[in-house]
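Asks: okay, sequence plus prediction incoming.
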Amino acid sequence: MTANTGRTLAVREKGKINLGSWLILFLTAALFVFLALTRKNFYTYSNIHSILYEVSFSFFAAVGFTLLIIMGELDLSVGSLFGLGGALMGLFIFNHRLPVEAAIPLAMALAAVIGFAAGLLVTAFRLNSMMVTIGVMMAVKGYNWIQIQKFGGRQIPRAQWNFITVELFGVKWTILAMLATALLFEIFLAGSRHLKQLYYIGDNFSTTILYGLNANLVKVLCFTVSAALSAFGGALMTCRLKHPHVTVGANLEIGVITAAVIGGASIFGGRGSMFRTMLGVFFVFLLQNGMTSYDINSYVQQIILGSILILAIYLDVRINGKRT
Amino acid sequence: MTAAVDEFLKISGITKTYGVVKALADVSFSIRRGEIHTVMGENGAGKSTLMKIIGGETAPDSGAIELEGRRIRTFVPAAAHDLGIHMVHQELAVFENLTVAENIFPYHNFRKAGWIDYASLHREARSKLDLFGLKTIRPEEPLGSVALAGQQMVEILRCIVAEPKIIILDEPTSGLNDREADLLLGILKRLKDEGLTIIYISHRFKEIMRISDRITVLRDGEFVATLENTPELSESELINNMVGRDLSASLYRIKTVSGAAPDAPTLLEVRGLAKKSSLNPTDLKLAAGEIVGVFGLEGSGVGKLSRMMYGLEGKDEGELFIKGRRFAKINPRIMAAERVMYLNNNRKIAGLLPEMPVTDNLSLPVLKRFSRFLGFLDFRRIGRLATDFIKAFAIALPSLSTRPANLSGGNQQKVMLSICLVPEPEIVIVNEPTRGIDVGAKTEIHRFLLDIASKGVGIVIFSSELPELMSLSDRILVMRDNSVVGEVGAGDYTEQTLMRYAAVGSAATGGE
């Protein structure tokens, strides 16, 4: 035998349970059952469907966010870029008289440029991603306000927003798009080297560099995708509202980070799941819906959501932090 | 109540389990007052756990520790400090942003009317530093700017100023070069003469035999023996106690004949690699099947050379030829694509994915090779590959999904070497391949390296351990002051020759 007989002695299981993978399912189910039992109009097809409809837009701001948090980077600009999608929709449709099928890709492309630049600052210039994206958040938010105020509540013509109401099998297509996107990313994250490497980068960035992965490029691409998909969600949301509005995407980053972290992602990187992030977004909206149905003041709702975010981060640090 | 001098610290029947794993099983022995007592054993033998218990960092499941006849009941570091037991960890616990003086006296009050009295703080620190002969370290400078060896000394000084009864040193020389280790050992000896009891953990036989009064050997969590360090005590006796079987008298068989074929083609050539104030123009040639060793003391430029030739650090000038093809730009991506791999010197910083299954670790450098349509990975093939490597390298794993963070140092190192060999590289740059691991794993890793070289792989090995270099290398380059100052071929190896190159830059004897 080799020198290693009995070396398993050195193996020390830390006995850490991965709360993240079960927590979100449990929480969502519990809240769902609670609301179904206590609120009369909650457990109806139309109510659930309308919650999911809301979720389906915001989810797109959480996609890139999840990819980035897996790599240990935070993108707090997703809310503003979501809003930018709406502002640019107005710009292209009202000012440039473009059809919606051109306006949405263009809005996404412009947002992508911003995401790319943020990614470059984080990788090539080694700036902290949270700080960079807070900067982007402020700057883009300012632009959104300036732009949207100019529109003065002008409505998008019906022909342009009509596509948003399309249903397949009695379900809004955006809900199906959300499910398909989550599923697709989940599959690629689990099995394809292109996305699986995100976990490796998140676990130990230097190691991936050492063995020849282009980890910086991967990060830049994910910042780009994050921005483009956020703008996509915001553009769709604007079509649903039929006009650009400054509240689109407001504080969305808070909901998204809460969703991702209670969905099992870790701010330390190396963990996260697209499907559970989606559940997380659903949970956040369910909670807001439930609180509203209990007539809880919207400012009190903010206090509660903020507390939940802190609790989620606390659990994350307890479970994933301080690895030795 | 006074206990016998022989039982200053009495360890009796200590057992500690982590989950199903028994880290310590009924360990009993005693430490004498005023001795240097070394605790040895392979990685995972239970040394660290035992030290943590003595240092008050974790409580034993059963058994007792008695200091001067009084049983210790509270296992927290503060309680251990109150009893006069201090521990210096292998990973230093220092405040890099504070000054040297503040690090030496973190709990002391140097106050004058509510303000910190820096003058007397620095004066005190100066005198303590002088005590250790650390003339070059200034009390005012931030500790982060002091070399590792200096930081180590400062941490020991911090323990000393607390006037302890016992200090525990966990591999204090692992990050030091020979000269620095020498200085440290001298200081320890002096502290012992002043009456301090020292518990010492190390893997380096030479220093253990030089410094210890007694040596206790642990194996697989069990007590094996406590040996008096008499002149008759031999290395092989210690090794046999550690591994429990005969490993042949000498751990290292010094190479006397180069293993490389004289007509072997050149695989790698470094030409004029240089960077201002850290590396003078350096050339290096590596043939197929050849093992070239590079030796140098800390600060000699060895680290820079190894990192620069893999592109982990930028260069100012120089180029690289891989099988005759010229590369003016060097980065890890290019090197990996050319099947050049790099074994990092510090597995805690880079080289492993600590929280990912071992299979994922092994597939990391070959993700492309194992992916099919749309990049989907062939997990069955990856699993087979991992199984093969685990078997070939005798890595002790509970399962394929075990994460390196839960493995012993020796097994981590073997996983890391496996990662480097998975892509079937033609050239491997190896940096401190056996740092901080036990002799068993060490000899295994040496065997693997010799084995792949015999199959035609070229290896450049950077190591601070001369015997290791002399037993592996076909020739050894010695660096000093950022330049290669000498080359010694197999057959001409003596520690004296190589050390003389490293220390004074020439092989000539005398006249220092």
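Replies: Happy to help now that I have it.
Asks: and A:I146, how many neighbours does it have?
Replies: Using other CB atoms under 10 Å in any protein chain shown as the criterion, A:I146 is surrounded by 10 other residues. All C-beta atoms are positioned from the backbone trio N, CA, C, and that covers glycine.
Asks: helix, strand, or coil at it?
Replies: State at A:I146, reduced to three classes by DSSP: H, G, I helix; E, B strand; the rest coil: helix.
Asks: equivalent analysis for B:T74, please.
Replies: coil.
Asks: correct me, but it touches B:G56?
Replies: Yes. B:T74 lies in contact with B:G56 (CB atoms under 8 Å); the separation is 7.4 Å.
Asks: first-to-last residue distance for stretch B:207-224?
Replies: End-to-end distance for stretch B:207-224: 21 Å, by CA to CA, to the nearest Å.
Asks: quick check: mean pLDDT across that stretch?
Replies: Per-residue pLDDT over stretch B:207-224 has a mean of 89.
Asks: give the contact list for the residue lying closest to B:R204 once chain neighbours are set aside.
Replies: Leaving aside its chain neighbours, B:R204 sits nearest to B:T173 (6.2 Å; criterion: CB to CB, 6 or more residues apart in numbering or on different chains). The contact partners of B:T173, taken as CB atoms under 8 Å, 6 or more residues apart in numbering or on different chains, are B:180-181, B:184-185, B:202, B:204, B:207.
Asks: do you know how far B:T173 is from B:A502?
Replies: Taking CB to CB, to the nearest Å as the measure, B:T173 falls 17 Å from B:A502.
Asks: of the contacts of B:T173, just the buried ones, PyMOL syntax please.
Replies: To isolate the buried ones among the contacts of B:T173 in PyMOL, judged by 16 or more other CB atoms under 10 Å in any protein chain shown, type:
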select buried, chain B and resi 180+181+184+185+202+207
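Asks: in contact with B:A162, which residues?
Replies: Contact analysis of B:A162 by CB under 8 Å, 6+ apart lists B:81, B:84, B:86, B:107.
Asks: and it, what are its phi and psi?
Replies: B:A162 adopts backbone torsions of phi -80, psi 0, taken as degrees, to the nearest 10.
Asks: quick one: contacts of stretch A:165-185?
Replies: Residues outside stretch A:165-185 that contact it (CB under 8 Å, 6+ apart) are A:49, A:52-53, A:55-57, A:59-60, A:63, A:66-67, A:164, A:195, A:236, A:274-275, A:277-278.
Asks: could you export the lowest-mean-pLDDT helix or strand in chain A as PDB, CA atoms only?
Replies: The helix or strand of chain A with the poorest confidence is helix A:19-38; it has a mean of 86 (mean pLDDT, DSSP states H and E). Presented in PDB, the C-alpha positions along helix A:19-38 are these (Å, rounded to 0.1, in the frame of the first residue of the first chain):
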ATOM      1  CA  LEU A  19     -29.300  26.100   3.800                       C
ATOM      2  CA  GLY A  20     -29.400  28.000   0.600                       C
ATOM      3  CA  SER A  21     -30.700  25.200  -1.600                       C
ATOM      4  CA  TRP A  22     -33.700  24.400   0.500                       C
ATOM      5  CA  LEU A  23     -34.400  27.700   2.200                       C
ATOM      6  CA  ILE A  24     -35.900  29.500  -0.800                       C
ATOM      7  CA  LEU A  25     -38.300  26.600  -1.700                       C
ATOM      8  CA  PHE A  26     -39.400  26.300   1.900                       C
ATOM      9  CA  LEU A  27     -39.900  30.100   2.400                       C
ATOM     10  CA  THR A  28     -41.800  30.500  -0.900                       C
ATOM     11  CA  ALA A  29     -44.000  27.500  -0.100                       C
ATOM     12  CA  ALA A  30     -44.700  28.700   3.400                       C
ATOM     13  CA  LEU A  31     -45.500  32.200   2.300                       C
ATOM     14  CA  PHE A  32     -47.700  30.900  -0.500                       C
ATOM     15  CA  VAL A  33     -49.700  28.600   1.800                       C
ATOM     16  CA  PHE A  34     -50.000  31.300   4.400                       C
ATOM     17  CA  LEU A  35     -51.400  33.800   2.000                       C
ATOM     18  CA  ALA A  36     -53.700  31.200   0.400                       C
ATOM     19  CA  LEU A  37     -55.100  30.300   3.800                       C
ATOM     20  CA  THR A  38     -55.500  33.900   5.100                       C
END
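Asks: just name whatever secondary elements that helix is in contact with.
Replies: The contact analysis (3 or more CB pairs under 8 Å, 6 or more residues apart in numbering or on different chains; DSSP states H and E) places helix A:19-38 against helix A:252-262, helix A:274-293, helix A:298-320.
Asks: sorry, back to before: let's see which of the contacts of B:A162 end up in strands.
Replies: Within those, residues falling in strands by DSSP state E are B:H86.
Asks: can you tell me which of the contacts of B:A162 has the most neighbours?
Replies: Busiest of these [other CB under 10 Å] is B:H86, holding 23 neighbours.
Asks: which non-adjacent residue is nearest that residue?
Replies: Per CB to CB, 6+ apart, closest to B:H86 is B:C159, 4.0 Å.
Asks: tell me how far the one you found lies from chain A.
Replies: 22 Å (CB to the nearest CB, to the nearest Å).
Asks: ditto for B:T266
Replies: Between B:T266 and chain A the distance is 23 Å, computed by CB to the nearest CB.
Asks: hang on, the earlier thing: element containing the residue nearest to B:H86, please.
Replies: Using DSSP states H and E, B:C159 sits within helix B:148-161.
Asks: quick check: angle from the next helix or strand after that helix to helix B:148-161?
Replies: Counting by DSSP H and E, the element after helix B:148-161 in chain order, helix or strand, is strand B:166-170. Inter-element angle recorded for strand B:166-170 and helix B:148-161: 160 degrees (by axes from the mean of the first three to the mean of the last three CA atoms, to 10 degrees).
Asks: show residues contacting strand B:166-170.
Replies: By CB under 8 Å, 6+ apart, strand B:166-170 touches B:8-9, B:31, B:47-48, B:51, B:54-55, B:67, B:84-90, B:156, B:159-160, B:188, B:191, B:196-201.
Asks: and that strand, how far from the chain's centre?
Replies: Here strand B:166-170 is found 17 Å from its chain centre; the criterion is CA atoms, centre = their mean, to the nearest Å.
Asks: ok, now stretch B:57-66?
Replies: Relative to its chain's centre, stretch B:57-66 lies at 28 Å (CA atoms, centre = their mean).
Asks: hmm, it in reach of chain A?
Replies: No. Stretch B:57-66 is not in contact with chain A by CB under 8 Å from any CB of the partner chain; minimum separation 11.6 Å.
Asks: give the closest residue to A:V140 in space, chain neighbours not counted.
Replies: Counting by CB to CB, 6+ apart, A:S80 is the residue found nearest to A:V140 once chain neighbours are left out, at 3.9 Å.
Asks: pLDDT score assigned to that neighbour?
Replies: Note on A:S80: pLDDT of 98.
Asks: could you confirm it falls within a helix?
Replies: Yes. Judged by three-state DSSP, A:S80 forms part of a helix.
Asks: ok, it to B:E432 distance?
Replies: 47 Å.
Asks: so those two - more neighbours on which side?
Replies: For A:S80 versus B:E432, the count of surrounding residues by other CB under 10 Å is larger for A:S80: 32 against 22.
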